[in-house]
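**Student:** sequence and computational prediction follow.
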Amino acid sequence: MKMQARKRVFFNICLLYVSIFPASAVMGKDGVKFKVQTDQPYTMVERSDFSRYDNNKYLGHVHREVRAAINPSGTDGNGSTLYRGNFIVMEETLRDMSQSARAVNSVIPVNFALNAEGRMRIENDKGFPALRNFPVYEQGGVTKGDIWTAKGQRAVDPLNEGKTFLVPFTAVYEYKGVEDYKGIPVHHIEASYESGAGISALAPAPDVPFTGGAALSKVSGKHDVTILIAVENGIMLLSRDNLDETFSWNDGRDVRFRGFTLCFTQSIVPLDGGNIKKKIESTAGLELEPVDAGLRLSIRDLQFVSDSAELLPSETTRLDLIAASLSPVESRTFLVEGHTASTGRPDAEMRLSIERAKRIVDELAARGIPLGRFIYKGWGGTKPIGDNTTDAGRKRNRRVEITILD
């Protein structure tokens with residue numbers, strides 16, 4: 001094996017533990033050359049399974065899921081490709097919940113730019129994408145057995161407290177060549193890195209206040225990452241990060257995670273919303289519009305029993321129509337979001353919006369759509385579309401939105 005010393009090109013592959021961008025690979029006389037592809041939207045699903053230890057005491061398993069839909073949105077004046085999309089975070093899930101609707105912890109919008117070398121510039125950085133400049137490839141090409149090193153950086157918020165820190169690392173890579181993965185030829189790359197020193201706090205976004213408390217003082221441990229990239233189209237089919245990592249705070253607390261993170265990606269097939277639109281366009285209180293994450297169906301002025309999640313019988317017809325419109329949509333996830341008017345009771349409004357979103361999920365599932373297709377979140381009165389000081393405005397704010405995710 002030889003250590004490469006050529007100029008590097010950067011290829012980012014994953015977005016919480018591994019950041020995803022597709023690449024093309026061309027076999028030349030100097031080996032395989034990877035090139036970042038920036039002309040197509042892609043989705044990512046990341047599933048983590050960790051054992052957690054607090055101060056060496058085993059606390060149990062943590063199961064997390066993160067989904068992202070990333071779309072190129074043009075270029076800036078410097079020639080960098082602009083991206084936008086959303087990260088949907090389900091911070092704790094259970095392995096046996098594949099047939100259940102799952103609650104969403106947060107929906108995080110992202111906007112960033114990627115230049116020709118793969119360098120990333122993130123607007124209003126909220127810690128996503130988490131991995132920056134990983135993996136890094138040799139621009140001159142690699143052949144089987146080649147090893148190289150490169151620096152990267154990772155944004156971490158291990159306890160999901162809204163306090164994000166940047167952790168540097170140096171990764172060692174080895175190109176294993178072309179192999180078969182479930183009948184598909186793939187480029188196989190192994191990478192490993194140890195968490196480094198020099199931790200720095202990431203300034204919080206305006207809507208994520210840094211509430212103070214103990215600061216993260218040390219991150220130690222190791223990541224071993226297997227990366228499989230389809231030879232045909234450059235899409236990362238799978239990344240598996242086996243990790244054993246300990247986070248230490250300056251108040252003496254230690255939290256250790258042992259386990260793995262799996263990351264899957266696929267290209268986005270555009271959704272044809274024509275049939276859905278035809279079915280709902282004549283129904284009062286239903287609106288359909290394209291959004292960054294997919295296609296959103298808004299249900300205005302839902303009639304619930306006051307301060308409850310119990311729907312009035314008059315909503316039966318609209319729910320029947322919505323279920324009939326969504327049922328033919330295959331292989332998509334439906335994000336159901338509940339909203340209330342703001343009347344000065346934020347905690348109660350948040351609970352009610354979650355309960356109402358879950359009620360819509362249950363109603364649509366009762367009409368034949370599998371529960372496992374749904375995820376849901378409540379926003380309370382934090383996202384008004386009308387004036388909360390008027391009856392008409394509050395009526396507009398009481399709504400449920402269903403996004404057919406890319």
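**Tutor:** Great, that's in hand.

**Student:** ok, residues contacting the helix or strand that Trp148 is a member of?
**Tutor:** Using DSSP states H and E, Trp148 sits in strand 147-156. When contacts are defined by Cβ atoms under 8 Å, 6 or more residues apart in numbering, strand 147-156 is touched by residues 1-4, 8, 10, 125, 127-136, 138, 142, 164-174, 193, 195, 202, 216, 219, 247. For the C-beta atoms, the positions are set from N, CA and C on the backbone; glycine is no exception.

**Student:** next one: stretch 386-395
**Tutor:** Here stretch 386-395 makes contact (Cβ under 8 Å, 6+ apart) with 301, 341-343, 381, 384, 396-397.

**Student:** what do you get for stretch 174-191?
**Tutor:** With contact meaning Cβ under 8 Å, 6+ apart, stretch 174-191 is reached by 1, 25, 32, 134-135, 142-147, 171-173, 223-232, 237-238.

**Student:** restricted to helices, list those.
**Tutor:** Among those, no residue falls in helices (DSSP state H).

**Student:** of those, grab the buried ones for PyMOL.
**Tutor:** Selection command for PyMOL covering only the buried members of those, criterion 16 or more other Cβ atoms under 10 Å:
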select buried, resi 25+32+134+135+142+146+171+173+223+225+226+227+228+229+230+231+237+238
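
**Student:** still on that earlier bit, mind checking which of the contacts of strand 147-156 are buried?
**Tutor:** For the contacts of strand 147-156, buried by 16+ other Cβ under 10 Å: 4, 8, 10, 125, 127-136, 138, 142, 164-169, 171, 173-174, 193, 195, 202, 216, 219, 247.

**Student:** restricted to strands, list those.
**Tutor:** 8, 10, 131-132, 136, 138, 165-169, 171, 173-174, 193, 195, 216, 219, 247 (DSSP state E).

**Student:** mind listing the helices for the stretch 51-200 of the chain?
**Tutor:** Taking DSSP state H, counting those that start in this stretch as the criterion, the stretch 51-200 of the chain carries no helices.

**Student:** can you list the weak-confidence ranges in it?
**Tutor:** Along the stretch 51-200 of the chain, segments meeting pLDDT under 70 span 91-100, 116-118, 139, 196-198.

**Student:** please redo it, this time with the cut-off set to 90
**Tutor:** For the stretch 51-200 of the chain, the stretches with pLDDT under 90 are 59-143, 150-167, 195-200.

**Student:** name the single longest strand found in this protein.
**Tutor:** Max-length strand for the chain by DSSP E is strand 57-75.

**Student:** what's that one packed up against?
**Tutor:** strand 42-54, strand 81-90, strand 254-267 (3 or more Cβ pairs under 8 Å, 6 or more residues apart in numbering; DSSP states H and E).

**Student:** Provide the secondary structure category for Glu337.
**Tutor:** strand (DSSP: H, G, I helix; E, B strand; the rest coil).

**Student:** so it sits right up against Val400, yeah?
**Tutor:** Yes - if you go by Cβ atoms under 8 Å, Glu337 and Val400 touch, sitting 6.9 Å apart.

**Student:** residues that sit against both of the two, list them.
**Tutor:** Ala357.

**Student:** contacts only, for Leu238.
**Tutor:** Counting by Cβ under 8 Å, 6+ apart, Leu238 makes contact with 181, 226-228, 262-264.
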